[in-house]
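**Q** Pasting the sequence and the predicted model now:
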Amino acid sequence: MVGTAAQSVQALASSLGALPPEFVRPEHEQPRATTFRGAAPPEIPVINMSSPGAWRRMAEAAAEWGIFQVVCHGVPAEAVAELQRVGRGFFALPQEEKQRYAMDPAEGKTEGYGSTLRKGDLEGKKAWADFLFHNVAPPAAVNHAVWPESPEGYREANEAYCGHMLRLTRELFGRLSAELGLQEGAMAEAFGGDDVVLLQKINFYPPCPQPELALGLAPHTDMSTLTVLLPDEVQGLQVFKDGCWYDVNYVPGALIIHIGDQIEIMSNGRYKAVLHRTTVSREKTRMSWPVFVEPPPEHAVGPHPQLVTDEFPAKYKAKKFKDYKYCKINKLPQ
């Protein structure tokens with residue numbers, strides 16, 4: 001069992017020779033037994049956003065895969081590098097310094113630094129990851145008290161990157177909306193318009209003594225509208241399709257777009273939320289920087305009226321996002 005002195009997977013990893021049993025996934029989830037190993041796996045689409053037909057290909061990928069990678073997305077390499085620098089800098093801090101920003105839901109601290117050591121799944125299994133997350137937009141939802149003061153430049157890097165995410169999100173919403181035959185502004189309006197919430201997260205997956213038995217994150221779909229994921233070069237993200245788990249190959253300079261539950265609901269199932277998970281490495285630390293784009297808590301999302309017909313009746317009920325989130329986290333009927 002994990003020692004009571006361990007406060008993070010990062011700290012635990014430095015003292016282990018074997019994987020504690022609570023991190024060993026059931027056989028049907030273990031990467032060594034379930035990852036596709038064929039000679040020619042299908043490729044997750046990589047789309048140049050400046051190319052002719054890019055939006056049609058994105059819509060096709062959203063419907064078939066629920067995920068695609070984008071290049072020529074307009075986010076400057078300097079903004080990406082600075083976000084990664086301050087993120088790596090935070091996880092290089094001493095453990096006691098990171099603990100200053102620890103989340104504590106019991107005290108109402110739902111943003112900040114945390115670890116999967118705190119809680120397992122229904123079978124008591126834990127994921128191999130630490131994390132830091134906090135809202136970055138809109139201004140009314142931001143609490144800078146949970147943003148790290150170190151390393152230097154953390155706030156500036158996150159605010160600059162957030163500006164690019166707001167622009168990219170509007171663009172994605174507009175074109176994915178138009179490809180459904182709706183007005184370009186329909187999707188943004190369905191998710192709260194200017195009040196849409198952006199949550200920046202850093203995932204930290206330290207080296208694991210038995211990565212073939214563990215997962216960094218268990219299989220799930222994102223509750224968000226969409227997620228914009230910045231990966232590093234260490235392989236780890238996998239998606240599920242047609243009964244198999246496939247690696248998402250690292251493409252330098254690309255951002256990975258996940259379709260989340262709210263877009264699947266709004267599109268009445270035409271776009272699919274992607275089921276995905278994260279594997280870990282024996283020798284290398286892996287990090288990723290997802291931005292979750294969410295409706296405001298009180299905003300209700302349901303199938304768009306123009307996408308509900310006699311031929312295609314509503315597949316989902318309209319629900320406030322806070323209620324949807326509560327049901328999913330607690331595994332209650334939706």
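**A** Thanks, I have the structure now.

**Q** residue closest to the middle of this structure?
**A** A centroid search over the chain (CA atoms, centre = their mean) returns residue 290, at 4.7 Å, as the residue closest to the centre.

**Q** Which secondary structure elements does the stretch of helix or strand it belongs to sit against?
**A** Per DSSP states H and E: residue 290 is located in strand 286-294. Secondary-structure packing of strand 286-294 (3 or more CB pairs under 8 Å, 6 or more residues apart in numbering; DSSP states H and E): helix 77-91, helix 154-178, strand 197-205, strand 226-231. Heads up, the C-betas are built off the backbone N, CA and C, glycines and all.

**Q** Straight-line length of stretch 262-271, end to end?
**A** 10 Å (CA to CA, to the nearest Å).

**Q** Next: stretch 238-255.
**A** End-to-end span of stretch 238-255 (CA to CA): 15 Å.

**Q** ok, now how distant is the residue nearest to the centre of the chain from residue 136?
**A** Note on residue 290: its distance to residue 136, by CB to CB, to the nearest Å, is 12 Å.

**Q** Sketch out the low-pLDDT regions of this protein for me.
**A** Filtered on pLDDT under 70, the chain yields the residue ranges 1-6, 119-123.

**Q** contacting residues for the closest residue to residue 183 other than its chain neighbours?
**A** Spatial nearest neighbour of residue 183, excluding adjacent residues (CB to CB, 6 or more residues apart in numbering): residue 177 at 6.8 Å. Contacts of residue 177 were listed using CB atoms under 8 Å, 6 or more residues apart in numbering, and they are 183-188.

**Q** before we move on, the earlier item: and the helices and strands packed on strand 286-294 as TSV, adding distance to residue 19?
**A** Below are these laid out as TSV (distance: least, CB to CB, whole Å):
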stretch	distance to residue 19
helix 77-91	21
helix 154-178	32
strand 197-205	14
strand 226-231	24
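
**Q** I'd like to know which of these is closest to residue 220.
**A** Residue 220 lies closest to strand 226-231 among these, at 11.2 Å (CB to CB).

**Q** how big is the angle separating the closest one from helix 154-178?
**A** Per axes from the mean of the first three to the mean of the last three CA atoms, to 10 degrees, the angle that strand 226-231 makes with helix 154-178 is 130 degrees.
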